[in-house]
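*Asks:* Predicted model, plus sequence, below.
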Amino acid sequence: METVFSGIQPSGGFHIGNWLGAVQNWVKLQDDYRCIFCIVDLHALTQHYEPAEMSERVITLTSELLACGIDPARSILFVQSHVPEHTELAWILATVTPHGDLSRMTQFKDKSERAPDNINAGLLTYPVLMAADILLYKATRVPVGDDQVQHLELAREITRKFNARFGETFPEPQPLFTKATRILGLDGKTKMSKSVGNSLLIADPPEVIRKKIGNAFTDPTRVRKVDPGHPESCYVCGLQGYFASPEETARLHEGCRSATAGCVDSKRALAENMINALAPLREKAAEWKAHPDKIRQVLGDGAQTARVIAADTMARVRERLGLLAP
Ligand code: AQP
C-alpha cells in the first residue's frame, strides 16, 4: 500500500472549505492507502494565535476530524509537536533548500501581506517543515488542492536535492489531485480560510448558518427579484451543488435563471440543506468532545505509531549526513 500524508492546521475553526476541499477526500483515501493525517500545530505557530487556546483547538479539531470519518483504526492521526523528528528533519532539509525558492512562494507573499506585523522566519520556512512532514513517513502521495501545489513542487525539489547530495533516501512525493475545488469565503472573493474570518464552520449552529448565508454574496448583476439570475457566477448557487442533490441543484438554478425564485429563496434553500448536511457531523463531534480522554488516547496512540516510523527515518538520515552517532 502506498503511503498518503496530509495535514491540517489548528489555526481556527474547521470550515466547509477544509471539509469539502480536503477531509471528505481523506476519508475516501483510507480505503486504498496507508494514511497518515497530522494536526500541524507547529505550522499554526507561524500566525497570530492565543497560547491559552491552542490545546483546546487541537482537541476540537480532532473531534471534528473523527466526526467526519477519519478512522484511527485504519489511519494514523496525531499531533505534529508530539513527534519532535518533524523539526529535526526540517532543519536538515533547510540546508538543501534554496532561500530564493522560499521567498517566491505565493502563500508566503499572501500571508505576509495579510499580517505585515508578523512576517516571521517560520512563515518563510513553512514549506520546509511541510516537506519534512511528508518525507519523515516516506509518503509517496500527497492530496493537494490548488493552494498547495506550489508547496508540494518545492517538497519534490527538496527531495531531489537531498537524494542527489546524500544518496537515494526519500521517494519523491507525487500529488494526488482532488476533484473538489477551492471554496471561496463568505465574502465571495478570497479563499475560505480559518484565520481570515470569512468561514462557515462545521460547528456553526443552524441560526448562525442562516445568518451567514443570509449575508453571503449572490449574482451582482441581479438587482431586482424579477431580473434573471446567472447561477454560474453566483456564490450561493455555486455552493448549492455541494449540499443538494443534482436534481434539486438543477431546479434551484433554473428558478434563479428564470427569475421564478429570488436570491433570498436560493439562500434559504442553501442554508437549510447545509444545516441538514452538517448536523450529523456536529452531533458526532460533540459526542467525541464530551470525552476528551478518548481523544487524547487516539492522539497518543497515533503519535506512538508515528514516532516509530519517524525514528527509523531519522536514524537513516543521520547516517547519510555522516553525523557522529551518540
Ligand atoms: N477554502 C478552501 N477550499 C478548499 N480546500 C481548502 N483547504 C483549506 N482551505 C480551503 C484545504 O484544507 C486542508 C487543510 O488546510 P490547512 O489547515 O493546512 O491550511 P490552509 O490551506 O492554510 O487552510 P486555511 O483554512 O486557509 O488556514 P489558515 O487561515 O490558517 O491559513 C488543506 O488540504 C487545504 O488545501
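*Replies:* Received, thanks. Residues are numbered from 1 along each chain as shown.
*Asks:* partner residues bridging the nearest residue to Met1 once chain neighbours are set aside?
*Replies:* Once flanking residues are discounted, Met1 sits nearest to Arg34: 4.7 Å by Cβ to Cβ, 6 or more residues apart in numbering. Any C-beta I mention is one placed from the backbone N, CA and C, and that applies to glycine too. Beta-bridge partners for Arg34, by DSSP bridges, are Thr3.
*Asks:* my guess is Arg34 meets Phe5, correct?
*Replies:* No - taking contacts as Cβ atoms under 8 Å, Arg34 lies outside contact range of Phe5: 9.7 Å.
*Asks:* what about those two, which has more around it?
*Replies:* Just comparing Arg34 and Phe5: by other Cβ atoms under 10 Å the higher neighbour count belongs to Phe5, 24 against 18.
*Asks:* quick one, strands of this structure?
*Replies:* Per DSSP state E, the chain carries strands over the ranges 3-8, 34-39, 76-79, 141-144, 174-177.
*Asks:* Adding mean pLDDT and distance to the ligand, write the ones you listed out as TSV.
*Replies:* Shown next, in TSV, are these (pLDDT from 0 to 100; distance: least, Cβ to the nearest ligand atom, whole Å):
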stretch	mean pLDDT	distance to the ligand
strand 3-8	97	4
strand 34-39	98	9
strand 76-79	98	13
strand 141-144	92	7
strand 174-177	89	11
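*Asks:* Based on its surroundings, how many neighbours for the nearest residue to Val23 once chain neighbours are set aside?
*Replies:* Spatial nearest neighbour of Val23, chain neighbours left out: Cys68 (5.0 Å); criterion: Cβ to Cβ, 6+ apart. Here the number of neighbours of Cys68 (other Cβ under 10 Å) works out to 20.
*Asks:* circling back to that earlier point, if I look at the residue nearest to Met1, how far off is Glu287?
*Replies:* Arg34 sits 27 Å away from Glu287, going by Cβ to Cβ, to the nearest Å.
*Asks:* again, but for His43
*Replies:* Distance from His43 to Glu287, by Cβ to Cβ: 28 Å.
*Asks:* Between these two, tell me which one has more neighbours.
*Replies:* Set side by side, His43 and Glu287 show more neighbours around His43, with 22 against 13, by other Cβ under 10 Å.
*Asks:* separation between the more buried one and Pro10?
*Replies:* The value you get for His43 to Pro10, if Cβ to Cβ is used, is 9 Å.
*Asks:* Spatially nearest residue to Ser112, not counting backbone neighbours?
*Replies:* Ser112 sits nearest to Ile119 (Cβ to Cβ, 6+ apart), 4.6 Å away.
*Asks:* go on, Pro280?
*Replies:* Nearest to Pro280 is Ala67, by Cβ to Cβ, 6+ apart, at 8.0 Å.
*Asks:* Kindly report the same for Arg165.
*Replies:* Val96 (6.1 Å).
*Asks:* Could I get the pLDDT score of that neighbour?
*Replies:* pLDDT recorded at Val96 is 98.
*Asks:* and what of Trp19?
*Replies:* For Trp19, the model assigns a pLDDT of 95.
*Asks:* How about the contacts made by it?
*Replies:* Trp19 makes contact with 68, 202, 281 under the criterion Cβ atoms under 8 Å, 6 or more residues apart in numbering.
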